[in-house]
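**Q** just a sequence and a predicted model for now, questions to come.
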Amino acid sequence: MIRRLAPLAVAALILIVPACGGTSEEPAGTPQTEAAAPDAPAAPADVLQSFYKHLNEKDYDAALALYSAEARKVVDDPGMMGPDAFRAWAYEETKGGTISNVAIQGTTENTVDYTLTFADGSTVSKKVSAVQEDGTWKLGMVQ
């Protein structure tokens with residue numbers, strides 16, 4: 001009887017053990033972030049984490065989608081900034097896509113204070129405003 005149950009026990013372990021934890025491999029250069037619950041509305045800090053993830057990966061359209069309507073006007077207007085200037089800013093902001101961590105230092109009602117850490121070990125502290133548009137948090141211009 002034990003010989004008949006042994007294969008079932010092994011099969012059960014094969015199915016259960018991977019679900020118990022461990023780590024997933026992230027591509028090099030991907031900022032570490034903490035995921036929100038799937039049904040939870042994204043908080044300003046979560047939106048900020050996503051914003052820098054997209055910038056680091058040079059996915060500028062996805063990053064721009066997280067900007068508020070007011071911030072988008074600035075970026076989209078060639079007389080104020082323009083898309084090419086935004087890409088240049090994003091490259092400098094991420095030191096060429098080398099952000100290794102985005103650490104939230106604190107949040108107030110509409111502001112997120114945070115620190116960027118880069119692959120070379122350097123850090124910079126920043127803040128950004130956030131507004132709700134149609135029930136979704138969007139970012140203002142990074143300060």
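**A** Ah, there it is. Numbering: from 1, shown residues only.
**Q** next structured bit after the strand or helix carrying Ala85?
**A** Take DSSP states H and E as the rule and Ala85 turns out to sit in helix 83-93. Next helix or strand after helix 83-93 toward the C-terminus (DSSP H and E): strand 99-107.
**Q** give me the buried positions along that following strand.
**A** Ile99, Ser100, Val102, Ile104, Thr107 (16 or more other C-beta atoms under 10 Å). No exception for glycine: its C-beta is placed from N, CA and C like everyone else's.
**Q** cool, and stretch 108-119?
**A** Val112, Asp113, Tyr114, Leu116, Thr117, Phe118.
**Q** which of those residues lies closest to Leu139?
**A** Nearest to Leu139 out of these is Val112 (C-beta to C-beta; 8.3 Å).
**Q** are we agreed that the closest one is in a helix?
**A** No: the assignment for Val112 (DSSP: H, G, I helix; E, B strand; the rest coil) gives strand, which keeps it out of a helix.
**Q** for the protein, what's the longest strand?
**A** Taking DSSP state E as the criterion, the chain has its longest strand at strand 123-133.
**Q** just checking: what are the partner strands of that one?
**A** strand 111-118 (antiparallel), strand 136-142 (antiparallel) (DSSP bridges).
**Q** tell me which of these sits nearest to Ser50.
**A** Here strand 136-142 is closest among those (C-beta to C-beta), at 9.6 Å.
**Q** what residues does stretch 45-61 touch?
**A** The list of residues contacting stretch 45-61 from outside it, by C-beta atoms under 8 Å, 6 or more residues apart in numbering, reads 29-31, 33-34, 36, 42, 62-63, 66, 83, 86-87, 90-91, 93-94, 97-99, 102, 104, 107, 112, 114, 116, 128, 130, 137-139.
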